[in-house]
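**Student:** Here's a sequence, model it:
(4 chains, ligands or ions: 4)
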4 protein chains.
Amino acid sequence: MIDGTRLTKSAIRWGMVGGGKGSQIGYVHRSAALRDGYFDLIAGAFDLDPQRGRDFGAELGLDPDRCYADHNAMFAAESARPDGIRCVTIATPNNTHYPIARAALQAGIHVICEKPLTFTTAEALDLQAIAGERGLVVGVAYGYSGHQMIEEAARLVADGALGDIRIVNLQFAHGFHSAAAELDSPAARWRVDPAFAGPSYVLGDLATHPLYISQVICPHLKIRRLLCTRQSFVASRAPLEDNATVLMEYDSGAVGTCWTSAVNAGAMHSQKVRVVGSRGSVEWWDEHPNQLRLEIQGEPARLLDRGMAYLHPQALADDRIGAGHPEGLFDAWANLHYRFALAIEAHEDGVPSRVAGLRYPGIDAGVEGVRWVETCVRSADAGGVWVDYL
Amino acid sequence: MIDGTRLTKSAIRWGMVGGGKGSQIGYVHRSAALRDGYFDLIAGAFDLDPQRGRDFGAELGLDPDRCYADHNAMFAAESARPDGIRCVTIATPNNTHYPIARAALQAGIHVICEKPLTFTTAEALDLQAIAGERGLVVGVAYGYSGHQMIEEAARLVADGALGDIRIVNLQFAHGFHSAAAELDSPAARWRVDPAFAGPSYVLGDLATHPLYISQVICPHLKIRRLLCTRQSFVASRAPLEDNATVLMEYDSGAVGTCWTSAVNAGAMHSQKVRVVGSRGSVEWWDEHPNQLRLEIQGEPARLLDRGMAYLHPQALADDRIGAGHPEGLFDAWANLHYRFALAIEAHEDGVPSRVAGLRYPGIDAGVEGVRWVETCVRSADAGGVWVDYL
Amino acid sequence: MIDGTRLTKSAIRWGMVGGGKGSQIGYVHRSAALRDGYFDLIAGAFDLDPQRGRDFGAELGLDPDRCYADHNAMFAAESARPDGIRCVTIATPNNTHYPIARAALQAGIHVICEKPLTFTTAEALDLQAIAGERGLVVGVAYGYSGHQMIEEAARLVADGALGDIRIVNLQFAHGFHSAAAELDSPAARWRVDPAFAGPSYVLGDLATHPLYISQVICPHLKIRRLLCTRQSFVASRAPLEDNATVLMEYDSGAVGTCWTSAVNAGAMHSQKVRVVGSRGSVEWWDEHPNQLRLEIQGEPARLLDRGMAYLHPQALADDRIGAGHPEGLFDAWANLHYRFALAIEAHEDGVPSRVAGLRYPGIDAGVEGVRWVETCVRSADAGGVWVDYL
Amino acid sequence: MIDGTRLTKSAIRWGMVGGGKGSQIGYVHRSAALRDGYFDLIAGAFDLDPQRGRDFGAELGLDPDRCYADHNAMFAAESARPDGIRCVTIATPNNTHYPIARAALQAGIHVICEKPLTFTTAEALDLQAIAGERGLVVGVAYGYSGHQMIEEAARLVADGALGDIRIVNLQFAHGFHSAAAELDSPAARWRVDPAFAGPSYVLGDLATHPLYISQVICPHLKIRRLLCTRQSFVASRAPLEDNATVLMEYDSGAVGTCWTSAVNAGAMHSQKVRVVGSRGSVEWWDEHPNQLRLEIQGEPARLLDRGMAYLHPQALADDRIGAGHPEGLFDAWANLHYRFALAIEAHEDGVPSRVAGLRYPGIDAGVEGVRWVETCVRSADAGGVWVDYL
Ligand SMILES: NC(=O)c1ccc[n+]([C@@H]2O[C@H](COP(=O)([O-])OP(=O)(O)OC[C@H]3O[C@@H](n4cnc5c(N)ncnc54)[C@H](O)[C@@H]3O)[C@@H](O)[C@H]2O)c1
Ligand SMILES: NC(=O)c1ccc[n+]([C@@H]2O[C@H](COP(=O)([O-])OP(=O)(O)OC[C@H]3O[C@@H](n4cnc5c(N)ncnc54)[C@H](O)[C@@H]3O)[C@@H](O)[C@H]2O)c1
Ligand SMILES: NC(=O)c1ccc[n+]([C@@H]2O[C@H](COP(=O)([O-])OP(=O)(O)OC[C@H]3O[C@@H](n4cnc5c(N)ncnc54)[C@H](O)[C@@H]3O)[C@@H](O)[C@H]2O)c1
Ligand SMILES: NC(=O)c1ccc[n+]([C@@H]2O[C@H](COP(=O)([O-])OP(=O)(O)OC[C@H]3O[C@@H](n4cnc5c(N)ncnc54)[C@H](O)[C@@H]3O)[C@@H](O)[C@H]2O)c1
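**Tutor:** Residues are numbered from 1 along each chain as shown, chains lettered A, B, ... in the order given. Ligands and ions are numbered 1, 2, ... in the order given. Coordinates of the predicted model:
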């Protein structure tokens, strides 16, 4: 049970790149990091427009001297100070993730980065290498994975409650971009421009979330080959897709599917993960994240609720409030951020092994997401054919 | 509103092949056909075991002389009588559908046949040809399609309420055969034996249902090519699949998916059809068939309820009871059967055009289901590749 | 498992009073009674307007000679014939139930009567006395109680799965008469006219249904005292209520509530029964009658599905089709009607004890419903005070 | 849209009484108040045990000198400092609310207090008088009311979308204390001891929440009289109730019910508010607080989702993240706390009128909750009779 007392020795001096005024995800990062004093926001390059960024930093109560024009200025200045930032969060459009993250790591600063981590697997592996050499943490913002019922699902699979896993069905299919919203909304515009978004839209923007969740729940499943088709129902989005379907085959013989869409008209998120085993299934849905549906063949379906004593201790550990009370996305993100803090402290203490068992989306998850998107795009662009997953 | 008064001139003298004691689907046929006096059960070859069949006929109150040892005997005797059966329902394992239906048609008897209609498209086309020549009706038991909210969905699509159709997602994925139930259950056994079941298990047994529903809702969509993968998670079922996924591309540029399974452990039916257009979506679920979910992008999701005055007249026409009261599968089947009766009467009167606008699963739907399964199997057996849909 | 073979020796010759063309509930009665050949419709006085009644009988295929001008004519003629009706169903407005049922019983004819059985407890007891003397069955049309998951709930309570019963919450609260529908609809009009409806509208019309269900589930609970308030939100309905709430105290110390309404605007039926014990609760909802929610304190909530092998044998006995397939209200009514037939046959055979354990809404349930409404009205009209339940 | 920039001039120096280590609700208060820098936690008397309280304050990063042995010491010391706390939150058992709140107000400190505010209406009115005289804010922790869909419901009612309000049904009925949990759990123990809990258990602990929500949604409804029955199903809890039902009549002719329970075995919260008007209804459920069900008679039911552009501007104003992403209880509490901060600043600036239109649970809501509980208890203890609401 979390009660607001910090598990680390000190608050981590922390900065942000992006996430400025009116941005979609900046506030979520700040809310998660500042919760319970794990991070302390002291520097930022919040905006493409330096003045807007500085004004916003002031509104957030930052020292104006530490509101920088851009990330390079920030990393230079901060890494020169004894009280400089130890960690930076990158909440900018996709194209900038790689250069900014690289610069941060090279300045010796831990990174929390938005997904998709980079455009290419090669870039992601590069970040992985640098982080490894320098003993730095790279956390990736797969925020939904902080929901505790996903931990419960993972434990059920690990305990064999579902039997052998046979089928993994993933979905993240909203309808918010059924029409060409990008004509009016700048935040939507970059998402459908390859220069900013990278080689994909919904595969990278949406599908990587349930993909990571499936990896948390079924860490033993390794994709052997996959096939992807993608469409641009709003034609001006081509070559970027606004709808895609992926078929996956795992080493174990299990199979998977993933449907991701921004044109599932009228739907809210529809992020759902269903894992089917030889004995039973679990199903989780991000719009009602406090419940997990457990179905054992031949038994009544069970609805598990967050916070209940019948859950695995690990799924209860992050509880912030009693059962019945709903926790939301902010709480899930906060769960990840305290683990990021624990990991950073362990790395700084030179004992990364201390967090060996700690579940958080790190650099490996980041690499994997990029590799998966890259492979999907390769398949789709070849006409929707099977490609080996390397 | 249906009130029990028959819309045809007379009850149709009717017989059954199969559907005997302990069979899974026989009672549903009888319940549907006998409702409101559209059909009159007077003959049968109910069972592989002639004596069991005769006993069962007696229990049902039939004249023992008209309980036959097999269908050949029945067709011979009945077609020789002035008061012989005019229609026969075939509710036997799949392998027998073709020969029995063929024999019935050749004896001048209308047919209501279980799905899948035949093993091969060639066989289905043969039945289509004979029926066409002789002016006979062939109805196919896509029972779910009788639910009225499917009619409502079709009207919404026809009226353009959803905009251009982009995505069709089909699912029929239960978990009842997660383990090798066929070892104990004879009714399950034939389903996984190609000699009886045909070239597929779940594709033919389950997926043809939502496929037909999708054709009712979106009659304008023509499949251009498809890709199928299938698995036998219970290995002894090979080559028949207990799980399959199909990707479809339509002429219009729309895309579709279909997941069908008998190993979706813990799930009940999970038969769901979701049709997504540029403006909105409809979703229907066979376990709660009295509701239809209509989601228009940017508006609150709407739950439409059977029997309500806001529905299209056609979706209200078959109402048997006021809104709020649930109708079930038997009522949906009965809706189809009175249309079968109307069609039979129109054909016998020599004016088939009288039922031109009447929606029921006829021989064309039967052919289409077989062709689809055949194409899926061809794709799967070639390694899960795209094959043109001819 | 029901398969259409009749469990009685012969079809019961059967007639109807009311339930004519355009009536709300007539078709449900016919559908239920004719299912599987338990009853054989051979006579009727279907309509206030004799000619309309006769025409309707003809449409239903009846012998015109047995379509009578009124129930007196029918009972006289039929009881004089050797092949006269053995049972009559009364589906007329409430005010006529008592005289018609009395006349039928005095003519030696078994009765299936709509609810509320009579206006007063004295009248109901009179029918009980006559039926008792003459060894006749009186069945009451509490149709929802035929749903099998109610049987399951009863078994769970009987087995102690819920512990000691503490709370019973009943609800039947639709919104269809939020406005003064009776101005346009004749079927609604009589419901709000005391001369036809009796001393109450929604208490008798709606609340008696979940009340009876609660008695099926918790037969051991006896009401000690109750308190009722009722309102006429559409003022012209006064003194009849379109909304009422009842508080109940049982002998055992358990308590109950009942909310019933015709002005619960926008709601469909909302007929829900929740029974809470010291260990757990069950909840059933008539709009999705194939499920039962079982909640044991400290365990995940369970969703039980009709037709599953984990149910009590008694809750499976009336299954007509496999699990997953929804049954509806017609099937529930049919379940009651075959029990009515079994009861009638046992009484005619002079061995009523043969159906001692058979659960169906008989004369006692009919009396109890009337007594409850009468007591509620007494409480409400005294200003909403506690009155002893005698 | 909230993005973490504070709307007030400065963070409010803030202290806590109670809410110590292991307490149920302390963390929720801190999380809500510290969000976005509206409050700054600098002092506390967190625990009955001074040492535990001091240790906990240290864990929270407080200056040890400002971790006090009790609230009196804190108010004395803090009100003597120029940088003393301006506001205190009281998160202790019910019996202490009145003396602590009184002492705080007399020390010139704004108060945020847990519910029920006091034991008696007289006490609550006393606090109201002192706060009024001194121009201090008293906020009451009706945390659920911060959920934005409640604001939407209020707007729908105000706009007349539901017509005239006829029925208000309230419910907060969990099952966590179905057995005598208080034997093992200290946090449960005081709740069933009148010395600590006051004159009621579930009425004050639970029912006051939906009561306040109903007042937010229907501010025009004034209770005229009410009737309450209460039970102690775990007998050792007497005279405190673990289950109660309340009937209410409003001045307008509308009626209400409230069911509250801690023995609704197997249920989670079940906090539901349904408001029924002559045209339609809204229903809100705290376990899925991001949705609101809107049902207009004769139209499909609508599911409104938090964050969607079709909502009233006021219901969107507090959005912290896009639609589809669930917000939880912490976010709702934070919504209230920033309004508390705005109110405090307005009062300190001497212009309370600045927050005249701001919706938050203030002293009037606190008084009303106590009065309602007191009246309920009076009714129940007189045998469940109608009592005027004064
Ligand atoms: N994890 C999630 O659930 C989630 C949700 C939404 C967005 N995202 C990701 O977050 C990232 C940002 O998305 P968004 O929707 O918030 O975008 P946005 O367009 O709403 O905001 C981007 C912000 O970054 C600033 N910015 C852009 N380039 C910058 C630069 N070079 N230096 C400094 N600031 C810069 C902009 O001024 C703006 O404030 C994307 O990678 C996106 O994929 C993740
Ligand atoms: N439409 C649906 O929803 C649905 C549901 C279930 C089954 N089905 C289909 O119905 C058919 C029957 O399936 P089932 O599950 O009822 O099978 P089953 O094994 O339960 O019953 C088959 C019945 O047919 C009889 N039979 C077999 N061969 C016969 C023959 N040559 N002549 C006469 N009788 C014969 C058997 O004795 C038995 O009574 C299959 O084609 C199946 O695909 C359709
Ligand atoms: N069990 C249920 O779920 C349910 C549902 C609806 C109605 N009901 C009950 O069924 C009864 C009928 O209700 P309804 O809604 O069908 O009414 P309705 O007004 O729709 O139909 C009544 C029918 O009875 C006929 N009739 C009236 N008086 C007659 C008489 N003296 N002799 C012969 N026929 C006569 C009318 O002509 C009409 O055909 C009522 O008691 C009602 O409470 C029960
Ligand atoms: N608003 C809500 O949703 C909600 C939920 C839970 C509790 N509450 C209310 O919050 C209050 C506290 O409940 P809880 O469940 O957290 O109780 P708890 O027993 O879990 O915790 C009470 C805390 O107060 C401390 N305390 C007790 N007396 C004190 C005193 N005189 N001085 C300083 N500290 C003292 C205790 O040491 C403990 O830390 C109650 O009034 C309760 O009704 C409200």
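
**Student:** per-residue confidence at the spatially most central residue of chain A?
**Tutor:** Centroid-nearest residue in chain A: residue A:142, 1.5 Å away (criterion: CA atoms, centre = their mean). We have a pLDDT of 98 for residue A:142.

**Student:** Can you name the residue of the stretch 101-250 of chain A nearest to ligand 4?
**Tutor:** Nearest residue of the stretch 101-250 of chain A to ligand 4 (CB to the nearest ligand atom) works out as residue A:148 at 19.9 Å. The way it works is simple: take the backbone N, C-alpha and C, and place the C-beta from them, glycine included.

**Student:** so what's that residue up against?
**Tutor:** Shown in contact with residue A:148 (CB atoms under 8 Å, 6 or more residues apart in numbering or on different chains): A:306, A:311, A:315, A:316, A:318, A:319, A:327, A:332, A:335.

**Student:** Sitting in strands, which of the residues you listed do you find?
**Tutor:** Nothing among the contacts of residue A:148 maps onto strands, per DSSP state E.

**Student:** Now a PyMOL select for only the buried ones of those residues.
**Tutor:** To isolate the buried members of the contacts of residue A:148 in PyMOL, using 16 or more other CB atoms under 10 Å in any protein chain shown:
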select buried, chain A and resi 306+311+315+316+318+319+327+332+335
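
**Student:** between the contacts of residue A:148, which is nearest residue C:390?
**Tutor:** When these are ranked by distance to residue C:390 (CB to CB), residue A:306 comes first, at 48.7 Å.

**Student:** Need the nearest residue in space to the closest one, chain neighbours excluded.
**Tutor:** Closest residue to residue A:306 in three dimensions, ignoring its sequence neighbours and counting by CB to CB, 6 or more residues apart in numbering or on different chains: residue A:290, at 4.1 Å.

**Student:** Could you list the low-confidence segments of the stretch 201-350 of chain A?
**Tutor:** For the stretch 201-350 of chain A, applying pLDDT under 70 flags no range at all.

**Student:** Report the closest residue of it relative to ligand 1.
**Tutor:** residue A:205 (5.5 Å).

**Student:** doesn't residue A:198 make contact with that residue?
**Tutor:** No. The criterion here is CB atoms under 8 Å, and residue A:205 misses it with residue A:198 at 9.4 Å.

**Student:** More neighbours: which of the two?
**Tutor:** In this view residue A:205 and residue A:198 are compared by other CB atoms under 10 Å in any protein chain shown, and residue A:198 has more residues nearby, 26 against 21.

**Student:** Could you count how many residues lie near residue A:129?
**Tutor:** Neighbourhood size, residue A:129 [other CB under 10 Å]: 12.

**Student:** before we move on, what about the one 10 residues further on?
**Tutor:** Neighbours of residue A:139 under the rule other CB under 10 Å: 24.

**Student:** got the contact list for residue A:48?
**Tutor:** Listed by CB under 8 Å, 6+ apart, the contact partners of residue A:48 are residue A:20.

**Student:** Validate this expectation: it resides in a strand.
**Tutor:** No. Residue A:48 sits outside any strand when classified using DSSP: H, G, I helix; E, B strand; the rest coil, being coil.

**Student:** domain assignment for chain A?
**Tutor:** A:12-144+A:337-361, A:147-317+A:368-388 (automatic domain parsing).

**Student:** would you list those domains in CSV and tack on distance to residue B:186?
**Tutor:** Shown next, in CSV, are those (distance: least, CB to CB, whole Å):
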stretch, distance to residue B:186
domain A:12-144+A:337-361, 46
domain A:147-317+A:368-388, 19
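
**Student:** which residues in the stretch 151-300 of chain A form strands?
**Tutor:** For the stretch 151-300 of chain A, the strands defined by DSSP state E, counting those that start in this stretch cover A:165-173, A:223-231, A:243-250, A:255-261, A:272-277, A:280-285, A:291-296.

**Student:** and the last one, does that touch chain D?
**Tutor:** In other words, strand A:291-296. No. Counting by CB under 8 Å from any CB of the partner chain, chain D is not contacted by strand A:291-296; separation bottoms out at 8.7 Å.

**Student:** Can you list the strands that that strand pairs with?
**Tutor:** Using DSSP bridges, strand A:291-296 pairs in its sheet with strand A:280-285 (antiparallel), strand A:301-305 (antiparallel).

**Student:** Now render these as a markdown table, adding mean neighbour count.
**Tutor:** Below are those laid out as a markdown table (neighbours: other CB atoms under 10 Å in any protein chain shown):
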| stretch | mean neighbour count |
| --- | --- |
| strand A:280-285 | 23 |
| strand A:301-305 | 20 |
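
**Student:** now these as CSV including distance to residue B:118?
**Tutor:** Below are the strands paired with strand A:291-296 laid out as CSV (distance: least, CB to CB, whole Å):
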stretch, distance to residue B:118
strand A:280-285, 34
strand A:301-305, 37
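
**Student:** Out of these, which is closest to residue C:166?
**Tutor:** strand A:301-305 (21.8 Å).

**Student:** how far out from the middle of the chain is the closest one?
**Tutor:** Here strand A:301-305 is found 26 Å from its chain centre; the criterion is CA atoms, centre = their mean, to the nearest Å.

**Student:** And the contacts of that strand?
**Tutor:** Identification of contacts with strand A:301-305 by CB under 8 Å, 6+ apart yields A:149, A:152, A:290-296, A:310-311, A:323-324, B:266, C:300-303, C:305, D:268.

**Student:** buried set for the host helix or strand of residue A:365?
**Tutor:** Here residue A:365 sits within helix A:363-381, counting by DSSP states H and E. By neighbour count with 16+ other CB under 10 Å, helix A:363-381 contains the buried residues A:363, A:365-377, A:379-380.

**Student:** Among those, which pair sits farthest apart?
**Tutor:** Checking the buried residues of helix A:363-381 with CB to CB, the most distant pair is A:363 and A:380, at 26.1 Å.

**Student:** where does the stretch 251-390 of chain A come near chain D, residue by residue?
**Tutor:** Checking the stretch 251-390 of chain A against chain D by CB under 8 Å from any CB, the hits are A:268-269, A:286-290, A:305, A:320-331.

**Student:** same thing but at 10 Å, please
**Tutor:** A:267-271, A:286-291, A:303, A:305-308, A:320-334 (CB under 10 Å from any CB of the partner chain).

**Student:** sorry, back to before: out of the contacts of strand A:301-305, which are buried?
**Tutor:** Those of the contacts of strand A:301-305 that meet the buried threshold are A:149, A:152, A:290-296, A:311, A:323-324, B:266, C:300-303, C:305, D:268, by 16+ other CB under 10 Å.

**Student:** What sits closest to residue A:296 if chain neighbours are left out?
**Tutor:** Closest residue to residue A:296 apart from its sequence neighbours, by CB to CB, 6+ apart: residue A:280 at 3.8 Å.

**Student:** Please point out which parts of stretch A:235-245 sit buried.
**Tutor:** A:237, A:240, A:241, A:242, A:243, A:244, A:245.

**Student:** Can you give me every residue that contacts the closest residue to the first one other than its chain neighbours?
**Tutor:** Same thing as residue A:237. Leaving aside its sequence neighbours, residue A:237 sits nearest to residue A:192 (CB to CB, 6+ apart; 4.5 Å). Listed by CB atoms under 10 Å, 6 or more residues apart in numbering or on different chains, the contact set of residue A:192 reads A:177, A:180-182, A:201-202, A:205, A:232, A:234, A:236-242, A:262.
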